[in-house]
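1. Provided below for reference: sequence and predicted model.
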Amino acid sequence: MYAFYSLLVYIFYTLFRRDGEGAAAAAHTEDPSQVRDRVGRRMDGMVREDSEKDRDGKQEATAEGAAGSSPEVSLEEAITHLAEFLSLQLGTGEGWTRSLDPDKVSKPGSSLIPFSLPLDSYNVRVEKTSFKELVQPLPFIQGETEDFTRVSIRTDTRSQVFLISNLGVTDSEKRIQHLTLENEALKQSLSLTRDLLLQWGPGTLVRTPSPEEAEVLVELRSRLRETEESTETLRAQLGVQEGQLWELQGALQELQLEAAAQESERRNKRELRQILSQLAGLQGHIVALRRGCGDLRGLVIAFTQNYQGALKEAQGQVCWALGELSGSQWGRRVPEKRKKPRRAYQGRLLELRGNIRVLCRLKPGSPGNLLNVNPGPGGTITANYRGRQRHFRLDRVFPPDATQEEVFRELEPAVLSCLQGYSVCIFTYGQTGTGKTYSMEGPPEDPGIAPRALQSLFREMGEQGGPAQPRVTVSMVEIYNEAVRDLLASGPPERLTVRQGPEGCGGIHVPGLTCWDVSDLRALHKMLNLGRRNRATAATHMNEHSSRSHALVTLTLTTAPPPHGPGTAGTLHLVDLAGSERVWKAVMTESSGRAGVRGRRLREAQTINRSLLALGGVMAALRARQPHVPFRDSQLTRLLQPALGPGATAVMLVQISPRPEDVGETVCSLKFAERVSQVELGPARRHKTPPSGTPTSPSAGGTPSLGTPTTPGPEGISPQAEQPSPSGGLPPV
Ligand SMILES: Nc1ncnc2c1ncn2[C@@H]1O[C@H](COP(=O)(O)OP(=O)(O)OP(=O)(O)O)[C@@H](O)[C@H]1O
């Protein structure tokens, strides 16, 4: 600030001395240090002079004089002095500043020195002012009340105010503060001065160059122009080359990307080739394995057939032996007088119990919390399914640990009632794998309903003894995909057609069905084994279709009419129905994954469902006592028509699974069971054969077909002669 202040004073001094030109010229030629000294001296003198004037109380007058005589200097003059000062300050600014005595500027009583340049756009003003006035916009200044010198410089675009303390400094802090302010002001003045010079332009030369200098200057200028031109050219070339460089870099990147893509493609192809070759090797391996597997399967099939045949043979022999044994034991144990009342009781019991009974058996396993079982006669099952509780009451519920013996004991009265001419049908119904075949057939060591029923019948007949021994005939068919096949045919099983009997007879007609007269239990077991073998062989060839087909065994027990009265013709139908699982489940559980097998499963499931639906429709029509019962809707219901006709007795054993995941199927089976239990077939009726000597009339009991084996039957078995079929019985049994 001191320097700027000095500049201003110097300008005034120079102007007032009216020797500006000379001074300016001298300043141009003088050494900068000399100029600095001179300016410093002049300024010192000025300050001293001002101080004296203050002391003399002439401050006001001087201020007025200065303001009044504020000289209108020419622009050139002002700029010349300013440039001179700046050249000094810029060149030796540091030394100049250091040479300043801060005491000089901090002396109190600095004059108010107004100064203004003649330009409207540029105004420099120096004035003394009070601390109070100043401190307001400058809150960072702290201290006692002091006077300051304010220097304000204003242009069109900016306005600058500098403050200088005019009071003396007594301690080092004030001095530092003062110096900081001064330093800041100096910086700002310098920047302002630069602005001024820029604004006034380069036209304000400090001095006129000499001719040599001018010459040199011209030459330098021309060189400068040349250099600038060549620089421009080089810059343009550089720009072009930079552009080319960019393009080349872009092309390089593209090439790199392309190369990477090609490399990865090559690698992928290589890997693909490897995988394909591995796949080809695996395929060859699979083909070899398949071939080996086929051979193995053939061996297994042959072995299984032989094994099963032998097993069944042995089983039949064991059963026969057991039957013989128990029959003779029973014959020894039971007194003769108790036999007749027992048989009469069985028929009466059947009539009292009703002609359709529904029993339920749970497969072994612990029922989860979805099933609540209350076993026993009139037992209930409660199923929690889809957030609802469903209650089912049945004639009897067998718990999972019920034995084959217990189940058969419940059915025995119905079985034995056949001997008195009743028509009885026992069928097992339920989801696949719930134990239908187990209950109906059972393993050799623990036989099921069928072997026990036959044994019981023959035992009963043995007890009965005498000339009125019933004649027993047996037939066995299978329904697979709505095709009826004869399982007891001596040749390969043939497809049979079920025909309606004559109008009003209620019978059916199965031309070509083979039926055999069996004289004893052993012969009967032989026949049943033959039928099972035929079914098992077909099942192996037809991919385990045994669980997807219905099997029907029909036994007819005809007592010869006594000399004066009718005989009886009872029928026992034992039906093992196919699994009732849903179609989608049947297809989804097919594990082979082959389209052909899946298609076959789908067809099997659809036909099973159709036939079971038809059975449900028959039951619904019977329950509603509709005049028309749709027996003709499936081969199953056609064949069961005599067993479900008026006066017949039916027992349905519903097999259910206790597993929580099967609860849906369980509920379906129980719903079906509930519907069946509401069916009424009318009072159970005995079928009687006409007394001996009465001519056979087709209208009496339907038209039987001839079951004539082409080859002689097994020992003890003879092909059946043409016989009239009893009403409600399956012909030709
Ligand atoms: N009460 C039971 N005690 C012991 N094992 C049983 C019982 N019930 C079923 N099983 C066993 O469960 C398995 C399936 O039984 P089974 O073949 O009789 O079912 P299914 O209902 O006839 O099936 P499908 O409908 O496929 O013919 C067999 O291994 C059988 O031994």
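-> Arrived safely. Because the structure is predicted, anything quoted here is derived from the model rather than measured.
2. and the nearest residue to residue 622 once chain neighbours are set aside, how far from residue 625?
-> Closest residue to residue 622 apart from its sequence neighbours, by Cβ to Cβ, 6 or more residues apart in numbering: residue 679 at 4.5 Å. (C-beta placed from N, C-alpha, C; glycine too.) According to Cβ to Cβ, to the nearest Å, residue 679 stands 9 Å off from residue 625.
3. who does the helix or strand hosting residue 451 touch, helix- and strand-wise?
-> Assigned by DSSP states H and E, residue 451 belongs to helix 449-464. Packing partners of helix 449-464 (3 or more Cβ pairs under 8 Å, 6 or more residues apart in numbering; DSSP states H and E): helix 211-333, helix 339-353, helix 404-416, strand 423-430, helix 436-440, helix 521-541, strand 550-558, strand 567-576.
4. which of the residues in that helix are buried?
-> For helix 449-464, the neighbour count (16 or more other Cβ atoms under 10 Å) marks 449-463 as buried.
5. dump that helix to PDB, restricted to CA.
-> C-alpha atoms of helix 449-464 as PDB (Å, rounded to 0.1, in the frame of the first residue of the first chain):
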ATOM      1  CA  ILE A 449     -59.000-113.200   0.700                       C
ATOM      2  CA  ALA A 450     -59.100-115.400  -2.400                       C
ATOM      3  CA  PRO A 451     -57.100-118.400  -1.200                       C
ATOM      4  CA  ARG A 452     -58.800-118.300   2.200                       C
ATOM      5  CA  ALA A 453     -62.200-118.000   0.600                       C
ATOM      6  CA  LEU A 454     -61.600-121.100  -1.600                       C
ATOM      7  CA  GLN A 455     -60.200-123.000   1.200                       C
ATOM      8  CA  SER A 456     -63.200-122.000   3.400                       C
ATOM      9  CA  LEU A 457     -65.700-123.000   0.700                       C
ATOM     10  CA  PHE A 458     -64.200-126.400   0.100                       C
ATOM     11  CA  ARG A 459     -63.900-127.100   3.800                       C
ATOM     12  CA  GLU A 460     -67.500-126.200   4.200                       C
ATOM     13  CA  MET A 461     -68.400-128.500   1.300                       C
ATOM     14  CA  GLY A 462     -66.400-131.300   2.800                       C
ATOM     15  CA  GLU A 463     -68.300-130.900   6.000                       C
ATOM     16  CA  GLN A 464     -71.500-131.000   4.100                       C
END
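6. now do it against helix 521-541, angle only.
-> 170 degrees (axes from the mean of the first three to the mean of the last three Cα atoms, to 10 degrees).
7. which element is encountered next along the chain beyond helix 449-464?
-> strand 471-480.
8. and that next one, anywhere near the ligand?
-> No: Strand 471-480 lies apart from the ligand when judged by Cβ under 6 Å from any ligand atom; the minimum separation is 12.3 Å.
9. what pairs with that strand, parallel or antiparallel?
-> strand 483-486 (antiparallel), strand 516-518 (antiparallel), strand 550-558 (antiparallel) (DSSP bridges).
10. out of the ones you listed, which is closest to residue 639?
-> Comparing the strands paired with strand 471-480 against residue 639 with Cβ to Cβ, the closest turns out to be strand 550-558 (6.0 Å).
11. can you check what angle separates that closest one from helix 404-416?
-> Using the same axes, to 10 degrees: strand 550-558 against helix 404-416 is 50 degrees.
12. strand 550-558 vs strand 423-430, what angle?
-> 160 degrees.
13. so for strand 550-558, mean pLDDT?
-> The average pLDDT within strand 550-558 is 90.
14. can you list the domain ranges for the protein.
-> The chain breaks down into these structural domains: 2-200, 222-309, 334-719 (assignment by automatic domain parsing).
15. by mean pLDDT, show me the worst of these.
-> domain 2-200 (a mean of 50).
16. stretch 240-258: which residues count as buried?
-> Under the neighbour-count rule, stretch 240-258 has none buried (16+ other Cβ under 10 Å).
17. stretch 515-524 now?
-> 515, 516, 517, 518, 520, 521, 522, 523, 524.
18. what number of residues lie near residue 679?
-> Per other Cβ atoms under 10 Å, the neighbour tally for residue 679 reads 21.
19. now do the SS call for it.
-> Three-state call for residue 679 (DSSP: H, G, I helix; E, B strand; the rest coil): coil.
20. can you report phi and psi for it?
-> Backbone geometry at residue 679, expressed as degrees, to the nearest 10, gives phi -80, psi 140.
21. so what's it up against?
-> Neighbour list for residue 679: 356, 619, 622, 623 [criterion: Cβ atoms under 8 Å, 6 or more residues apart in numbering].
22. just these: which are in helices?
-> 619, 622, 623 (DSSP state H).
23. residues near the last one, how many?
-> What that stands for is residue 623. With neighbours defined by other Cβ under 10 Å, the count for residue 623 comes to 16.
24. that one is in contact with residue 675, isn't it?
-> Yes: between residue 623 and residue 675 there is a contact at 6.7 Å, judged by Cβ atoms under 8 Å.
25. residue contacts, the residue of the stretch 351-500 of the chain found nearest the ligand?
-> Nearest residue of the stretch 351-500 of the chain to the ligand (Cβ to the nearest ligand atom) works out as residue 435 at 2.6 Å. Counting by Cβ under 8 Å, 6+ apart, residue 435 makes contact with 361, 363, 655.
26. out of the residues you listed, which are close to the ligand?
-> 363, 655.
27. most neighbours among the contacts of residue 435, please name it.
-> Ranking these using other Cβ under 10 Å puts residue 655 first, with 28 neighbours.
28. host element of it?
-> Using DSSP H and E, residue 655 falls in strand 649-656.
29. which residues does whatever residue of the stretch 601-733 of the chain ends up closest to the ligand bridge with?
-> Nearest residue of the stretch 601-733 of the chain to the ligand: residue 655, at 5.7 Å (Cβ to the nearest ligand atom). Going by DSSP bridges, residue 655 is paired in beta bridges with residue 361, residue 430.
30. any idea how far it lies from residue 424?
-> Distance from residue 655 to residue 424, by Cβ to Cβ: 19 Å.
31. just give me the closest of the contacts of residue 679 to residue 245.
-> residue 619 (93.1 Å).
32. the closest one is in contact with residue 674, isn't it?
-> No: taking contacts as Cβ under 8 Å, residue 619 lies outside contact range of residue 674: 10.4 Å.
33. those two - which one has more neighbours?
-> Neighbour count, other Cβ under 10 Å: between residue 619 and residue 674, residue 619 has more, with 22 against 16.
34. what sits against that one?
-> Here residue 619 is in contact with 672, 675, 676, 679 (criterion: Cβ under 8 Å, 6+ apart).
35. and with 6 Å instead?
-> 675, 676, 679 (Cβ atoms under 6 Å, 6 or more residues apart in numbering).
36. distance of the second one from residue 189?
-> The one in question is residue 676. On the measure of Cβ to Cβ, residue 676 and residue 189 end up 118 Å apart.
37. and the protein, which of its residues are near the ligand?
-> So far as Cβ under 6 Å from any ligand atom goes, the chain lies against the ligand at 363-364, 430, 432-438, 547, 579, 655.
38. write the ChimeraX selection for whichever of those are buried.
-> In ChimeraX syntax, the buried subset of these is picked out as below (16+ other Cβ under 10 Å):
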select :363,430,432,433,434,435,436,437,438,579,655
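39. dump the residues of the chain next to the ligand to JSON lines, plus distance to residue 484.
-> Output for the residues of the chain next to the ligand, formatted as JSON lines (distance: Cβ to Cβ, whole Å):
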{"residue": "363", "distance to residue 484": "29"}
{"residue": "364", "distance to residue 484": "34"}
{"residue": "430", "distance to residue 484": "22"}
{"residue": "432", "distance to residue 484": "21"}
{"residue": "433", "distance to residue 484": "25"}
{"residue": "434", "distance to residue 484": "25"}
{"residue": "435", "distance to residue 484": "25"}
{"residue": "436", "distance to residue 484": "20"}
{"residue": "437", "distance to residue 484": "20"}
{"residue": "438", "distance to residue 484": "25"}
{"residue": "547", "distance to residue 484": "18"}
{"residue": "579", "distance to residue 484": "19"}
{"residue": "655", "distance to residue 484": "24"}
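40. hmm, back to that, okay if I get the helices and strands packed on helix 449-464 as JSON lines plus distance to residue 193?
-> Below are these laid out as JSON lines (distance: least, Cβ to Cβ, whole Å):
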{"stretch": "helix 211-333", "distance to residue 193": "25"}
{"stretch": "helix 339-353", "distance to residue 193": "130"}
{"stretch": "helix 404-416", "distance to residue 193": "123"}
{"stretch": "strand 423-430", "distance to residue 193": "112"}
{"stretch": "helix 436-440", "distance to residue 193": "116"}
{"stretch": "helix 521-541", "distance to residue 193": "117"}
{"stretch": "strand 550-558", "distance to residue 193": "119"}
{"stretch": "strand 567-576", "distance to residue 193": "120"}
